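Undergrad: need a 3D model of the following:
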Amino acid sequence: MEQFQTSALALQKHLLNLRQQLATLDAQGQQDKADQLATLITHIEQALAGLPLALVPPTLQ
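TA: Alright, predicted model coming up:
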């Protein structure tokens, strides 16, 4: 279970980094890249939302 929690924390940190990168791209006016990244983030979030509650660790928001 420790491995699972560690992976969940890493995923949460990765999503945070992606959201920060998205904000940076938006601020720089790089809309094409920002749109691609937003799509990727949405797909990741949809996959997480589709997990059974028993698999969703308490660390994920």
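Undergrad: which residues of this structure fall in strands?
TA: Taking DSSP state E, the chain contains no strands at all.
Undergrad: show me the contacts for residue 45.
TA: By C-beta atoms under 8 Å, 6 or more residues apart in numbering, the contact list for residue 45 reads residue 15. In this view, the C-beta of every residue, glycine as well, is placed from N, C-alpha and C.
Undergrad: grab the nearest non-local neighbour of the spatially most central residue of the chain.
TA: The chain has residue 15 as the residue nearest its centroid, 2.8 Å off, counting by C-alpha atoms, centre = their mean. Spatial nearest neighbour of residue 15, excluding adjacent residues (C-beta to C-beta, 6 or more residues apart in numbering): residue 44 at 6.4 Å.
Undergrad: my read: the one you found touches residue 16, true?
TA: No - taking C-beta atoms under 8 Å as the definition, residue 44 is not a contact partner of residue 16, at 11.7 Å.
Undergrad: which of these two has more neighbours?
TA: For residue 44 and residue 16, the more surrounded residue by other C-beta atoms under 10 Å is residue 44, and the numbers stand at 14 against 11.
Undergrad: can you give me the helices in the protein?
TA: Applying DSSP state H to the chain gives helices spanning 2-27, 31-49.
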